[in-house]
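Asks: Here's a sequence, model it:
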Amino acid sequence: MIRGLALAMIFINHVPGNHYEVLTSKNFGFSDAAEAFVLLAGVSAALAYAKHFEAKRWWAGIAGPWHRAWVLYMVHIVISVTVLGLVAAMLRFGEVPELISRDNFNRFVEDPVGVLIGLPLLLHQFGYVNILPLYILLMLVAPLLIWAGQRRPGWLLIGSLAVWAAAGITWQNLPNYPNQGGWFLNPFSWQLIFVLGVLTGLALRGKRRFVPVRRGLILAAAVYASLAFLVKQVPLVDQGFYVVMKTLREAGVPYLLVDFNKGYLQLPRLLHVLSLAYLISVSTHVRAFSASRWAWPLVVMGRQALPVFAVGTVLSFAARAALHYFDPTLTIVEDVVILGGLLALVLLAWVKELSRAALGAPRPPIVTEEPGQVAVPRSRPAQI
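Replies: Numbers count the residues shown, from 1 in each chain. Model prediction:
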């Protein structure tokens, strides 16, 4: 269910300016659905492939994630070319130049040869189409992370923290081409949340928790999540929090610890998504709702995550085009575009489920949860 909720929020947030954005997680704290997306990706990777390393089927443990990376790469290229065509069509036939003037699409007009070089190398990424390149790299190193997590989880976590800290302090990143600068989602930083997901998934395979249930941890997570909510919702609290963070930066505290840069997954964002994840994992109410019929649309979207994400990305650009073409002040237009898009994604996931059943393919798992645990699959975990 949580994966489906993250996909729904990603679709809404990828249509900037719509009035449904106020319902998404980015308005209630420092992180957004992207962090949850990558954390769950790590959990799924461990649940799907750790069994091969346990059985010493080394090549299966390596080939599985690498094959997934290849599938993700092909999907990313198809999405990128499709949205580029959509944006270009709106420029030529719809007389809507706004879409191609932002989100790195303008670079294709200025330097098409450079973009055609950078795009297949993952060095040029269009705005809102930049999470799969990160995920591709993470899946390429997933075999090593899973293997290390099974043998030396503490050392893996320390190493991951060291890479995250080094990237955040020295501002190291992978390059762009033909643009200057680095990736929007820095893999050296975001690998930490993926590793935390891997370690969580490995713990679940052992029928235990990676982070134990402790009253003090629950209180700390709740306090931090509440503070983040107040900062986002109460201007006076926001101003006071900004003054505190600015004072700390001026005192020499590294930006990594006191800023909110998404690309480098700086500490306030990281702590927020981890606090939410921990609170959700110990909540009986979330487990009860996940098992109810009301959660079915989110559950089925989560099971078919890759097609839902791919089509949702394309639909989000179509929705942006529609909002530019029609009168964006008409609330009914936003309602039709956003709610219609979400309904289309649910129907897509449902059709994929029916097709899988008709072909006799193994069904993605129904996620169950036991007291004190999170999301224990009954069978092979669904993946994006």
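Asks: Tell me where the stretch 201-350 of the chain has helices.
Replies: For the stretch 201-350 of the chain, the helices defined by DSSP state H, counting those that start in this stretch cover 215-233, 235-250, 255-258, 267-282, 284-290, 296-303, 305-325, 331-358.
Asks: mean confidence for the last one?
Replies: What helix 331-358 shows for mean pLDDT is 88.
Asks: And it, what's buried?
Replies: 333-334, 337-338, 341-342, 345-346, 348-350, 352 (16 or more other Cβ atoms under 10 Å). Where C-beta positions appear, they are placed from N, C-alpha and C, glycine not excepted.
Asks: I'd like these written out as TSV, with distance to residue 14 added.
Replies: Converted to TSV, these look like this (distance: Cβ to Cβ, whole Å):
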residue	distance to residue 14
333	17
334	14
337	12
338	11
341	10
342	12
345	12
346	17
348	16
349	17
350	22
352	21
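Asks: what's the neighbour count on residue 289?
Replies: Counted with other Cβ atoms under 10 Å, residues neighbouring residue 289 total 13.
Asks: and what of residue 151?
Replies: Using other Cβ under 10 Å as the criterion, residue 151 is surrounded by 10 other residues.
Asks: What's the mean pLDDT across the longest helix seen in the chain?
Replies: Ranked by number of residues, the top helix in the chain under DSSP state H is helix 58-92. Averaging pLDDT along helix 58-92 yields 94.
Asks: Which elements pack onto whichever helix or strand comes after that helix?
Replies: On the C-terminal side of helix 58-92, the nearest following helix or strand under DSSP states H and E is helix 106-110. Packing partners of helix 106-110 (3 or more Cβ pairs under 8 Å, 6 or more residues apart in numbering; DSSP states H and E): helix 112-118.
Asks: Recalculate using a threshold of 10 Å.
Replies: In this structure, helix 106-110 packs against helix 58-92, helix 112-118, with contacts taken as 3 or more Cβ pairs under 10 Å, 6 or more residues apart in numbering; DSSP states H and E.
Asks: So which of the ones you listed is the most surrounded?
Replies: Of all those, helix 58-92 has the most neighbours on average by mean count of other Cβ atoms under 10 Å, namely a mean of 17.
Asks: Can you name every helix or strand that it contacts?
Replies: helix 33-54, helix 106-110, helix 131-151, helix 305-325.
Asks: what do you get if the cut-off is 7 Å, keeping everything else the same?
Replies: Under the contact definition 3 or more Cβ pairs under 7 Å, 6 or more residues apart in numbering; DSSP states H and E, helix 58-92 sits against helix 33-54, helix 131-151, helix 305-325.
Asks: hang on, the earlier thing: got JSON lines for the helices and strands packed on helix 106-110, with distance to residue 166 too?
Replies: Formatted as JSON lines, the helices and strands packed on helix 106-110 follow (distance: least, Cβ to Cβ, whole Å):
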{"stretch": "helix 58-92", "distance to residue 166": "24"}
{"stretch": "helix 112-118", "distance to residue 166": "25"}
